[in-house]
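Peer 1: model the following, please.
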Amino acid sequence: MTTEVEEKREAPPDTKEMGLFGRWLTLWVALCIVAGVALGQVFPAIPGTLSEWTVAQVNLPVALLIWAMIFPMMVQIDFASILGVRNQPRGITITLVTNWLIKPFTMFFFAWFFLQVVFAPFIEAGLAREYVAGAILLGAAPCTAMVFVWSYLTRGDPAYTLVQVALNDIIMLFAFAPIVLLLLGLGDITVPWDTVFLSVVLYIVIPLVAGVVVRGRLVRTRGIDWFNGVFMKRLGPVPMVGLLATLVLLFSFQGEVILNNPLHIGLIAIPLTVQTFFIFALAYGWARLWKVKHSVAAPAALIGASNFFELAVAAAIVLFGMHSGAALATVVGVLVEVPVMLLLVRFANRTRDRFPHDDMLPASPR
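Peer 2: The predicted model follows:
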């Protein structure tokens, strides 16, 4: 018989559909690298033509694909669920402090240290700064999509995960641009404020508002069961298809850089991997010290460790261009994140018994 706790932990319908595809995302990304590079080399007129479809520094084909990635994530957020966070404030405290007061700055440090200091003999200084810029964009955007996959795989509390994502989205509206500008300034990279603001409006504000409007209308007219069981199920594959199509375009533009500097892919991956393990260890260890139950602790740590790479890719394109080192660094972030996060999921599942279970804690922590 299914218990109430098991029913509460049941993942959203779209998570199940994304699960298998998400687990093999590294393979799909690798194939997109090959396909994109081949496209740029064999049919250079195609990426050349697409790159000209630009309005106000925004490439229209890429913008449409990125909206396809982001909108399905935004439409599933139930902002009314934020009220439930009052019962378990420790988990959300860990998530928010890690994501906004620690993660962006440690990402900047690791990227600067490895790419501009340790690997300085192997990477030209200007290109290294662009790679650091891409890492900064990754570090300033906490995960809002794949986190539902990580939460499901660790049997996390889906309602609480929604709360964490919703709060991160709200904070991102106001904090993403200032943090990015601050850290880019520290890295001696100058970017106009209006360009960053444009990326926030295009890839956070517009899809977030659209998601709230569409969700509200569909739930009122069709009901929550139809929304979760039919609409989100049909929408489930769209973010991944949009992501992979975007990567093909990106790598068609990045083909020459990759072919000329294959070593750079591995060098960029090192600080991104170190950052992921560091943030997870920090948040997961903090949750254990605070005796947060595992169904909250695991998603809280995994949200901090992973990135909203769709937004990072979009912002890198708007700020630096599709041919830039920053765009390449954000794409490497996609390639690195999935296998590393799956390792952390396995670790979280193996250490479940070190945390309190749902029936071992009162509703509100003391």
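Peer 1: got the contact list for the closest residue to H294 other than its chain neighbours?
Peer 2: Using CB to CB, 6 or more residues apart in numbering and skipping the chain neighbours, the partner closest in space to H294 is F355 (3.8 Å). C-beta coordinates here come from the backbone N, C-alpha and C atoms, glycine included. When contacts are counted by CB atoms under 8 Å, 6 or more residues apart in numbering, F355 touches A287, R288, K291, V292, K293, H294, A297.
Peer 1: what do you get if the cut-off is 7 Å, keeping everything else the same?
Peer 2: By CB atoms under 7 Å, 6 or more residues apart in numbering, the contact list for F355 reads R288, K293, H294, A297.
Peer 1: wouldn't the last one be in contact with A287 here?
Peer 2: What it means is A297. Yes: contact criterion CB atoms under 7 Å: A297 and A287 qualify, at 3.5 Å.
Peer 1: before we move on, the earlier item: could I get the contacts of F355 as a markdown table with distance to A329 and pLDDT?
Peer 2: Putting the contacts of F355 into a markdown table (distance: CB to CB, whole Å; pLDDT from 0 to 100) gives the following:
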| residue | distance to A329 | pLDDT |
| --- | --- | --- |
| R288 | 32 | 94 |
| K293 | 36 | 90 |
| H294 | 33 | 91 |
| A297 | 30 | 91 |
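Peer 1: which residues in the stretch 51-200 of the chain form helices?
Peer 2: 60-75, 89-97, 103-111, 125-139, 147-153, 158-186, 193-200 (DSSP state H, counting those that start in this stretch).
Peer 1: what's the most centrally placed residue in the chain sitting at in phi/psi?
Peer 2: In the chain, the C-alpha nearest the mean C-alpha coordinate belongs to F308, at 1.9 Å (CA atoms, centre = their mean). Dihedral angles of F308 (phi, psi; degrees, to the nearest 10) stand at phi -80, psi 70.
Peer 1: for stretch 322-339, which outside residues touch it?
Peer 2: 25-26, 29, 51, 59, 62, 127, 130-131, 133-135, 137-138, 247, 250, 253-254, 257, 265, 268-269, 272-273, 306-307, 309, 312-313, 316-317, 319-321.
Peer 1: mark which of those are buried, thanks.
Peer 2: 25-26, 29, 51, 59, 62, 127, 130-131, 133-135, 137-138, 247, 250, 253-254, 257, 265, 268-269, 272, 306-307, 309, 312-313, 316-317, 319-321 (16 or more other CB atoms under 10 Å).
Peer 1: skipping adjacent residues, who's closest to F231 in space?
Peer 2: Closest to F231 by CB to CB, 6+ apart is L218, at 6.0 Å.
Peer 1: burial of that neighbour, as a residue count?
Peer 2: L218: 17 surrounding residues under other CB atoms under 10 Å.
Peer 1: ok, now V219?
Peer 2: 16.
Peer 1: how about the one 3 residues further on?
Peer 2: The number of residues packed near R222 is 12, by other CB under 10 Å.
Peer 1: state the number of residues packed around the spatially closest residue to it that is not a sequence neighbour.
Peer 2: Sequence neighbours aside, F231 is the residue nearest to R222 in space, at 7.4 Å (criterion: CB to CB, 6+ apart). Residues near F231, counting by other CB under 10 Å, number 20.
Peer 1: cool, and the one 10 residues further on?
Peer 2: The burial metric for V241, expressed as a neighbour count using other CB under 10 Å, is 14.
Peer 1: OK, contacts around it?
Peer 2: By CB under 7 Å, 6+ apart, no residues touch V241.
Peer 1: and what of L272?
Peer 2: A135, V332, G333, V336.
Peer 1: would you mind measuring from the last one to L115?
Peer 2: Which is V336. Look at V336 and L115: by CB to CB, to the nearest Å, they are 14 Å apart.
Peer 1: next: the second one.
Peer 2: As judged by CB to CB, V332 and L115 stand 11 Å apart.
Peer 1: in the stretch 151-300 of the chain, where is pLDDT below threshold?
Peer 2: 158-159, 187-200, 204, 254, 256-258 (pLDDT under 70).
Peer 1: where along the protein do the strands fall?
Peer 2: Shown for the chain, the strands assigned by DSSP state E span residues 54-55, 58-59.
Peer 1: distance-wise, check the residue nearest to H294 relative to L183.
Peer 2: 33 Å.
Peer 1: now swap in K103 and tell me
Peer 2: 11 Å.
Peer 1: same thing with L153?
Peer 2: Relative to L183, and taking CB to CB, L153 is found at 31 Å.
Peer 1: could you do P339 as well?
Peer 2: When distance is defined by CB to CB, P339 is 26 Å away from L183.
Peer 1: which one's more surrounded, the two?
Peer 2: L183 (24 against 13).
Peer 1: touching, that one and P104? I think so.
Peer 2: Yes: with contact defined as CB under 7 Å, L183 counts as touching P104 (6.2 Å).
Peer 1: so where is the stretch 1-150 of the chain shaky, pLDDT-wise?
Peer 2: Looking at the stretch 1-150 of the chain by pLDDT under 70, you get 1-23, 25-26, 51-52, 54-59, 73, 79-87, 144-146, 148-149.
Peer 1: how about a cut-off of 50?
Peer 2: The stretch 1-150 of the chain contains residues with pLDDT under 50 at 1-18.
Peer 1: quick check on M322: phi, psi?
Peer 2: The phi/psi pair for M322 (degrees, to the nearest 10) is phi -70, psi -20.
Peer 1: count the neighbours of it for me.
Peer 2: 22.
Peer 1: kindly report the same for V42.
Peer 2: The number of residues packed around V42, counting by other CB under 10 Å, is 10.
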